[in-house]
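Engineer: Build the 3D model from these lines:
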Amino acid sequence: MTGWLPSTGVEWSDDPAVLDSRRADRSGWPPTGRPDAVAFPRTAAQVSRILRLAHEARTPIVPRGAGTGLSGAATAGTGTVVLDLSRMNRIVAISPDDATAVAEPGVITADLDRAAGEHGLRYAPDPASVAISTIGGNIATNAGGLRCAKYGVTRDSVLGLDVVLADGRQLSTGTATLKGVTGYDLTGLLVGSEGTLAVVVRATLRLRPIPAATATIAAAFPDVAAAAVASVALSRAGVQPAIAELLDEATLSAIDAAQGTALRSLGAALLLVQTDGAGAALEAELIADVLTATATSVRTTTDPAEAAELLAARRLALPSLERLGRPLIEDIAVPRSRLADAVREIAAIAARHDVPISTIAHAGDGNLHPLIVVDPAATSIPANAQQAADEIFELALKLGGTLTGEHGVGTLKRAWLRRELGETSHGLQQQIKSLFDPHGILNPGKAV
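Structural biologist: Coordinates of the predicted model:
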């Protein structure tokens, strides 16, 4: 199936060790078999050449960044060729006057943020994997992150894209301006499409000023439901935190055990809230007043080092839980007003199926990550864990929410896709897929 690959002139490998290193993503559930080859393009022209020949040969292509995805969207099994975009890693330009950046898909997210910082700017999206995930992967999944409560998800920071279509044609979408409504919004369509419609080779991104000040509040609660109720009260108080992260008791204990912290000693649930901008201190005071009504303790700091330590602990939640077993990482979102209902029912689901579930939430926008930890030796999802996951998906829809807030559908949630979308929407989306990729070579078996 890969006889055409050497003719592209692109570096590639079929070494088993290389193939095995790129067959799975961070979801923890690898596909059957291994890919036939991995290609390492360095330019858009090389990507175009690969896709044109793959299109002609009907060879399935799996685009890949750093492999940090959590839904199985970058998994590659037998008969596929992995398109590893990590070597397309140039920050092409940063315009301080326009507050924009142009970057290739292999750029590490944190590296772009640091480069923007040299101009007094920052790249707002900050998934927990910010230090290792790539811009292309973030675009493919429409990644969120800690700051999404105020600044939105990746789509809100993407102005335009250069992509290669399944047949090798190159396409530019969007604009370099903050406004642009000419034609259909192809940029918005491509963000979050999980590599099933086109391959991103360059992105024009919106940057934002580094805030003049920040303040961070750590509030402990007797249980996670109380913390969820308190987080909803913040919106009624008329404040807009940049970050509002909720961690339950199991998550706090796992972080403490892995990182040597003492977060659990503060309480059975922790709400981390950060404000930013010129009014950060005043907003922090208002938030502290609201939280004090039900919290067992509230601590406010404007010390950047102390704030960084608290947020670093939050980012280390998944690595800490991975030490306990293999996490099945769920990603539902509900209306913020139903957040407390969601965490209570997730606890009931865990008890009902006798599976450990640790819950983390982006409380600012109702996005929950219930992490079901299973035996690391398991080669498939255990029946009780799958039942628990199915009930969590059903819960999200019952509460008026969605199956995925930021991780994507990938392979792990495809069985539920039609249930949320409905027949008409699902059918239309499949038609869009066929229009962009008539032979179905781009990341087959994913998303739609």
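Engineer: Provide the secondary structure category for residue 79.
Structural biologist: Following DSSP: H, G, I helix; E, B strand; the rest coil, residue 79 is assigned to coil.
Engineer: Residue 376 and residue 328 touch, don't they?
Structural biologist: No: shown here, residue 376 and residue 328 do not form a contact pair, counting by C-beta atoms under 8 Å, at 11.6 Å. From N, CA and C alone the C-beta is placed, and that goes for glycine too.
Engineer: Compare neighbour counts for these two and give me the winner.
Structural biologist: Shown here are residue 376 and residue 328; by other C-beta atoms under 10 Å, residue 328 has more neighbours (25 against 12).
Engineer: and the more buried one, that's in a strand?
Structural biologist: Yes: counting by three-state DSSP, residue 328 is found in a strand.
Engineer: secondary structure element for the nearest residue to it once chain neighbours are set aside?
Structural biologist: What sits nearest to residue 328 in space, not counting adjacent residues and going by C-beta to C-beta, 6 or more residues apart in numbering, is residue 372, at 4.2 Å. For residue 372, the enclosing helix or strand under DSSP states H and E is strand 367-374.
Engineer: Contacts for whatever helix or strand comes next after that strand next, please.
Structural biologist: Elements were assigned by DSSP H and E; along the chain past strand 367-374, the next helix or strand is helix 383-398. If you take C-beta atoms under 8 Å, 6 or more residues apart in numbering as the criterion, helix 383-398 is touched by 328, 330, 332-334, 342, 345-346, 349-350, 352-355, 357, 370, 372, 374, 381, 402-403, 413, 416, 419-420.
Engineer: Skip ahead from helix 383-398 and say which helix or strand is next.
Structural biologist: Next helix or strand after helix 383-398 toward the C-terminus (DSSP H and E): helix 414-421.
Engineer: just checking, what packs against the lowest-mean-pLDDT helix or strand in the chain?
Structural biologist: When each helix and strand of the chain is scored by mean pLDDT, DSSP states H and E, strand 326-329 comes last, with a mean of 86. Other helices and strands packing on strand 326-329, by 3 or more C-beta pairs under 8 Å, 6 or more residues apart in numbering; DSSP states H and E, are helix 317-322, strand 367-374.
Engineer: And the contacts of the helix or strand just after it?
Structural biologist: Next helix or strand after strand 326-329 toward the C-terminus (DSSP H and E): strand 332-333. The contact list for strand 332-333, computed with C-beta under 8 Å, 6+ apart, reads 342, 365-368, 370, 392-393, 395-396, 401-406.
Engineer: What of stretch 345-355?
Structural biologist: Residues outside stretch 345-355 that contact it (C-beta under 8 Å, 6+ apart): 224, 356-357, 359, 368, 370, 372-374, 382, 384-385, 387-388, 391-392, 395.
Engineer: quick one, what contacts residue 276?
Structural biologist: By C-beta under 8 Å, 6+ apart, residue 276 lies in contact with 150, 211, 213, 214, 215, 242.
Engineer: Which pLDDT value goes with the third one?
Structural biologist: For residue 213, the pLDDT comes out at 96.
Engineer: now for the contacts of residue 276, which pair is the farthest apart?
Structural biologist: 150 and 213 (14.3 Å; C-beta to C-beta).
Engineer: So for these two, which sits in the more crowded spot?
Structural biologist: Neighbour tally, residue 150 and residue 213, criterion other C-beta under 10 Å: the higher count belongs to residue 150, 19 against 14.
Engineer: Give me the distance between the more buried one and residue 280.
Structural biologist: Here the criterion is C-beta to C-beta, to the nearest Å. By it, residue 150 lies 11 Å from residue 280.
Engineer: same check, this time on residue 210
Structural biologist: As judged by C-beta to C-beta, residue 210 and residue 280 stand 12 Å apart.
Engineer: same thing with residue 381?
Structural biologist: Plainly put, residue 381 is 43 Å away from residue 280 if you go by C-beta to C-beta.
Engineer: Looking at residue 210 and residue 280, which is more packed in?
Structural biologist: Using other C-beta under 10 Å, the more surrounded residue of residue 210 and residue 280 is residue 280, with 20 against 14.
Engineer: how about the more buried one, what does it touch?
Structural biologist: Going by C-beta under 8 Å, 6+ apart, residue 280 touches 211, 212, 213, 214, 215, 302.
Engineer: same thing with residue 419?
Structural biologist: By C-beta under 8 Å, 6+ apart, the contact list for residue 419 reads 393, 397.
Engineer: Let me see the confidence value for it.
Structural biologist: Among the per-residue scores, residue 419 holds a pLDDT of 94.
Engineer: what does the domain assignment say about this structure?
Structural biologist: 5-84, 91-209, 214-398 (automatic domain parsing).
Engineer: can you give me the offset of the shortest one from its chain's centre?
Structural biologist: It stands for domain 5-84. 20 Å (C-alpha atoms, centre = their mean, to the nearest Å).
Engineer: distance between the ends of that domain?
Structural biologist: Start and end residues of domain 5-84 are separated by 14 Å (C-alpha to C-alpha, to the nearest Å).
Engineer: what do you get for the last one?
Structural biologist: The first and final residues of domain 214-398 sit 37 Å from each other (C-alpha to C-alpha).
Engineer: repeat for the second one
Structural biologist: End-to-end span of domain 91-209 (C-alpha to C-alpha): 18 Å.
Engineer: Quick one: mean pLDDT over that domain.
Structural biologist: Per-residue scores along domain 91-209 average to 97.
Engineer: Buried ones from the contacts of helix 383-398, can you make that a ChimeraX selection?
Structural biologist: In ChimeraX, this line selects whichever of these come out buried by 16 or more other C-beta atoms under 10 Å:
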select :328,330,332,333,334,342,345,346,349,350,353,355,357,370,372,374,381,402,403,413,416,420
